[in-house]
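**Q** Mind looking at a prediction? Sequence and model below.
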Amino acid sequence: MAGLPRIAHLTGGRLRPGRRRVLRAAAAAAVVLSLLLWWLVPSGSTSPSGNVSFATGVPTGVYARYGTLLQDRVHREMPDVRLRLLPSQGSVQNLDMVTSGKASFTIAASDAVATYRDGKEPGADRLRACARLYDDYIQLVVPAGSGVRSARDLKGMRVGVGQERSGVNLIAGRLLRAAGLDVDKDVHAVRQGIDRMPGLLEKGRIDAFFWSGGLPTSAIENLSAKTNIQLVQLGDLVEELHALQPETRHYRAAVMPADAYPAVQQGEPVNTVAVANLLVTTDRTDTALTEGMTRAVLNSRDQIGEKVHAAQKVDRRTAIYTAPLPLHRGARDYYRSVKP
């Protein structure tokens, strides 16, 4: 109402009752408007900016491909953010990088996350999720005509089980245990990543390898173009695998579609095991940045899905189910903003 004396001075010091009511109403409206603006646009709020690191995976895996395609979408959603991709050997190392602060975001399989938390690894209690993404399918690859029909047939063979601190290394040991085999005693375990295992199989230096990844994985596609291979079903291990709970509670029975690797499967689906992937960060990550990253991932599904088929499975309706991790508060803000 500080404006009323000034107006009164300009009008000879007198205001008619009608004019006074109009001015008072206008002043009250101005106060309400300023409060509304203060509520909607908090003072000092800024959009995310700077370099943000994202741990992915081996160069020929789906994690790395997904991260590369995500860079463009992140820039569109947050123009001042530059997403820097960091290679890794997979889920467990990714979690190491996030908890240590080397990366702000990563992708990790939910079984690896659960094991990390159950083992009380450094910083595990600070892990938070942004979204459930797509499923990894466990793939057991052997040369065509090898005679291997089940993981139980791998006894005494040279088997690629993934590099240490990788997600596939974790599940390969569990699958072999479900098959009645000890990874350190009953097979010759070769601990190499997906970037090396196809070449070792092609050269006859290993007899089989496990891989955990989205469908299709380019390393296996490329291998099938050079040599005859086959995918071994793992469906017969599901019951035994679930008997190893609680550490195996995040695995489910799944079927690789017949068109995942057309040249290999020849129209036949393959029974296997699958595990969900999560977009992971920590409670230290900025709320606005986490909200923006979550939005970028969900909005990029169709764009990335054209080149990485696994990304087509990202769904806003199920993305919020991120067990065993709680949602980051920034991710919660995103889901609330798009709630119907």
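**A** Here it is on my side, so go on.

**Q** could you check the distance from Arg295 over to Ile229?
**A** Shown here: Arg295 relative to Ile229, a distance of 39 Å by C-beta to C-beta, to the nearest Å. Using the backbone N, CA and C atoms, a C-beta is placed for each residue, glycine as well.

**Q** tell me the domain boundaries of the protein?
**A** 3-40, 53-134+278-337, 136-276 (automatic domain parsing).

**Q** closest one to Ser47 among these?
**A** Of all these, it is domain 53-134+278-337 that lies closest to Ser47, at 6.2 Å by C-beta to C-beta.

**Q** starting at the chain centroid, how far to the closest one?
**A** 4 Å (C-alpha atoms, centre = their mean, to the nearest Å).

**Q** what mean pLDDT would you report for that domain?
**A** Taken as a whole, domain 53-134+278-337 has an average pLDDT of 94.

**Q** 437 is where my numbering starts, stick with that
**A** Right, with 437 as the first residue, what we last looked at is domain 489-570+714-773.

**Q** I'd like the domains of the chain written out as JSON lines, with mean neighbour count and distance to Ser483 added.
**A** Formatted as JSON lines, the domains of the chain follow (neighbours: other C-beta atoms under 10 Å; distance: least, C-beta to C-beta, whole Å):
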{"stretch": "domain 439-476", "mean neighbour count": "10", "distance to Ser483": "15"}
{"stretch": "domain 489-570+714-773", "mean neighbour count": "20", "distance to Ser483": "6"}
{"stretch": "domain 572-712", "mean neighbour count": "19", "distance to Ser483": "31"}
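
**Q** any chance you could map the helices in this structure?
**A** Remark: helices assigned in the chain by DSSP state H are 439-446, 453-476, 498-513, 527-535, 546-554, 603-614, 633-638, 654-660, 674-678, 698-701, 723-735, 737-741, 765-773.

**Q** so who does Ala694 touch?
**A** Gln701, Gly703, Glu704, Pro705 (C-beta atoms under 8 Å, 6 or more residues apart in numbering).

**Q** Could you identify the most distant pair in those residues?
**A** Farthest-apart pair in the contacts of Ala694 is Gly703 and Pro705; separation 8.7 Å (C-beta to C-beta).

**Q** Pipe the helices of the chain into JSON lines and attach distance to Val750 per row.
**A** Converted to JSON lines, the helices of the chain look like this (distance: least, C-beta to C-beta, whole Å):
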{"stretch": "helix 439-446", "distance to Val750": "54"}
{"stretch": "helix 453-476", "distance to Val750": "30"}
{"stretch": "helix 498-513", "distance to Val750": "10"}
{"stretch": "helix 527-535", "distance to Val750": "18"}
{"stretch": "helix 546-554", "distance to Val750": "15"}
{"stretch": "helix 603-614", "distance to Val750": "18"}
{"stretch": "helix 633-638", "distance to Val750": "27"}
{"stretch": "helix 654-660", "distance to Val750": "19"}
{"stretch": "helix 674-678", "distance to Val750": "25"}
{"stretch": "helix 698-701", "distance to Val750": "23"}
{"stretch": "helix 723-735", "distance to Val750": "7"}
{"stretch": "helix 737-741", "distance to Val750": "4"}
{"stretch": "helix 765-773", "distance to Val750": "13"}
